[in-house]
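**Q** sequence unknown, structure follows:
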């Protein structure tokens, strides 16, 4: 809560910082009806025992936010507190779980055809040319590549991480 604005003849005019539908703060002449925690993205009653315990221990205060009503808190992306709003929390959790299950229980569909050739189909085709064996120069080159790779991968690393 902050004090902003010029002093009125009958005393200073108080304003309160609340979060709007999109989660951005704005100044209001009326205090919030619900409190919340920015990091936990939850809201609850101003007299919530859980929030009051956290505040008394010195936590929570710098992340505290306020809302005009429940619809604003929900629109801003906050969930109900399980301690002080157990019915609202149970409803939120059931909705969340049903959405999760709806997303994961897609209707059964035929899997797309594999781009790979089935080995059984390949064996049934006798008209395919058989691969030729490697020639001696090809084998020599392959062995040279393998030995070079094995030598490089076993080389000790220096302190900087590069191979010596």
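**A** Done, it's in. Quick caveat: nothing in here was measured; it's all calculated off a predicted structure. Numbers count the residues shown, from 1 in each chain.
**Q** residue 44 is in what secondary structure piece?
**A** For residue 44, the element it lies in under DSSP states H and E is strand 42-45.
**Q** buried set for stretch 80-100?
**A** Buried residues in stretch 80-100, defined by neighbour count with 16 or more other C-beta atoms under 10 Å: 80-81, 84-85, 88-89, 92. C-betas here are computed from N, CA, C, even on glycine.
**Q** which residue ranges of this protein form helices?
**A** Under the criterion DSSP state H, helices of the chain are mapped to 49-56, 70-75, 86-104, 119-124, 136-154.
**Q** which of the ones you listed sits most buried?
**A** Of all those, helix 70-75 has the most neighbours on average by mean count of other C-beta atoms under 10 Å, namely a mean of 17.
**Q** where does pLDDT dip in this protein?
**A** For the chain, the stretches flagged by pLDDT under 70 are 1-12, 101-112, 122-123, 128, 153-164.
**Q** returning to what we had before: can you redo the helices of the chain as JSON lines with distance to residue 26?
**A** Below are the helices of the chain laid out as JSON lines (distance: least, C-beta to C-beta, whole Å):
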{"stretch": "helix 49-56", "distance to residue 26": "22"}
{"stretch": "helix 70-75", "distance to residue 26": "11"}
{"stretch": "helix 86-104", "distance to residue 26": "24"}
{"stretch": "helix 119-124", "distance to residue 26": "66"}
{"stretch": "helix 136-154", "distance to residue 26": "61"}
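**Q** any idea which of the ones you listed gets closest to residue 43?
**A** helix 70-75 (4.0 Å; C-beta to C-beta).
**Q** kindly provide the distance from the residue in the chain sticking out farthest from the centre to residue 129.
**A** Here the centre of the chain is the reference, and by C-alpha atoms, centre = their mean the most remote residue is residue 136, at 55.5 Å. Per C-beta to C-beta, to the nearest Å, residue 136 is found 21 Å from residue 129.
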